[in-house]
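Asker: for reference, the sequence and a predicted model appear below.
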Amino acid sequence: MIDHILIGLARFLVGGRPEWLGTQPSLRQRIYFANHGSHLDTILLWAAIPTRLRPTTHPVAAADYWGKGRLRRSVALDLLNAVLVDRSGGGAASGQDPLAPLEETLERGHSLIIFPEGTRGGEKLPAAFKSGLFRLATRFPQVELVPVYLENMSRAFPRGAFLPVPISCHVRFGAPLYIEGGETKEAFLERAREAIVALAEVN
């Protein structure tokens, strides 16, 4: 019930109408990867996933933001069923693999929502991707990789804002892609990024 209220409020404020352009909702295991413009991205993209798919579709959220404070943590874990990751590098220093929770989720046959830039950006187009998506694509080649473009999110909820600005946002889903045999990390990450750029150019 509370999750429906949260979704309804987010959609009332900024819209977030899903546009399935290159694919359709499916029970297939997927990694949805998107540009990252605001803290509202996680909620809006998850809300764009059909209700029947949400129990097995887990947003990957930064522990340094979503893990702090009782309310944020409750939204992330209890409502969104998110996987929290450490972006500080402390996990790697202590011998803990920051991608291990993501791999465990995929090993269970569930899907993920990730933001390969690793942090929010204020530009229309995504910045260079970090290597995590490449590692997951290599380890789980059977999983569909679905690009998603979140339009206007950095304008609707800019850094430092307390409440969203009522600007219409859209969630565009593109055609799935897979890692190709012999493809280098750099080539794959740029190809994945260009798939989101192509969605940004859709009128």
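Answerer: It's in.
Asker: for the protein, what spans make up the helices?
Answerer: Assigned by DSSP state H, the helices in the chain fall at 2-14, 41-48, 63-66, 70-74, 90-93, 100-107, 132-139, 153-156, 185-200.
Asker: bridging residues for Phe173?
Answerer: Here Phe173 shows beta-bridge partners Trp20, Val148, assigned using DSSP bridges.
Asker: any regions of this protein where pLDDT drops low?
Answerer: Scanning the chain for pLDDT under 70 picks out 1-16, 66, 87-95, 120-122, 152-168, 203.
Asker: let's see it at 80
Answerer: Low-confidence segments of the chain (pLDDT under 80): 1-16, 37-40, 64-69, 71-72, 74-79, 87-96, 118-124, 152-169, 203.
Asker: got the end-to-end distance for stretch 62-76?
Answerer: 10 Å (Cα to Cα, to the nearest Å).
Asker: that stretch: which residues count as buried?
Answerer: Under the neighbour-count criterion of 16 or more other Cβ atoms under 10 Å, stretch 62-76 has 62-63, 66-67, 73, 75-76 buried. Where you see a C-beta, it was placed from the backbone N, CA and C, and this is true even at glycine.
Asker: mind listing residues that contact stretch 124-137?
Answerer: 31, 33, 35-36, 99, 102-103, 106, 112, 114, 116-118, 121, 143, 145, 178-179, 185, 188-190, 192-193, 196-197, 200 (Cβ atoms under 8 Å, 6 or more residues apart in numbering).
Asker: in this structure Thr57 contacts Ala47, no?
Answerer: No. Counting by Cβ atoms under 8 Å, Thr57 does not reach Ala47; the two are 11.1 Å apart.
Asker: quickly list what the residue lying closest to Ala63 once chain neighbours are set aside is bridged to.
Answerer: Excluding the flanking residues, the one nearest Ala63 by Cβ to Cβ, 6 or more residues apart in numbering is Leu84, at 4.2 Å. Bridge pairing for Leu84 (DSSP bridges) gives the partners Ala61.
Asker: any idea how far Asp64 is from Leu84?
Answerer: As judged by Cβ to Cβ, to the nearest Å, Leu84 and Asp64 stand 9 Å apart.
Asker: kindly report the same for Arg52.
Answerer: Taking Cβ to Cβ, one finds Arg52 at 32 Å from Asp64.
Asker: cool, Arg191 as well?
Answerer: For Arg191 relative to Asp64 (Cβ to Cβ), the value is 29 Å.
Asker: alpha carbons of stretch 125-140, as PDB, please.
Answerer: This file holds the C-alpha atoms of stretch 125-140, laid out as PDB (Å, rounded to 0.1, in the frame of the first residue of the first chain):
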ATOM      1  CA  LEU A 125      23.700  12.800 -21.800                       C
ATOM      2  CA  PRO A 126      25.400  10.200 -19.500                       C
ATOM      3  CA  ALA A 127      29.100  10.500 -18.600                       C
ATOM      4  CA  ALA A 128      31.500   7.600 -19.100                       C
ATOM      5  CA  PHE A 129      30.400   4.300 -17.500                       C
ATOM      6  CA  LYS A 130      32.300   2.600 -14.800                       C
ATOM      7  CA  SER A 131      33.400  -1.000 -15.200                       C
ATOM      8  CA  GLY A 132      30.700  -2.700 -13.100                       C
ATOM      9  CA  LEU A 133      28.300  -3.200 -16.000                       C
ATOM     10  CA  PHE A 134      31.100  -4.900 -18.100                       C
ATOM     11  CA  ARG A 135      31.900  -7.300 -15.300                       C
ATOM     12  CA  LEU A 136      28.200  -8.300 -14.800                       C
ATOM     13  CA  ALA A 137      27.700  -8.700 -18.500                       C
ATOM     14  CA  THR A 138      30.700 -10.900 -18.700                       C
ATOM     15  CA  ARG A 139      29.800 -13.000 -15.700                       C
ATOM     16  CA  PHE A 140      26.100 -13.400 -16.700                       C
END
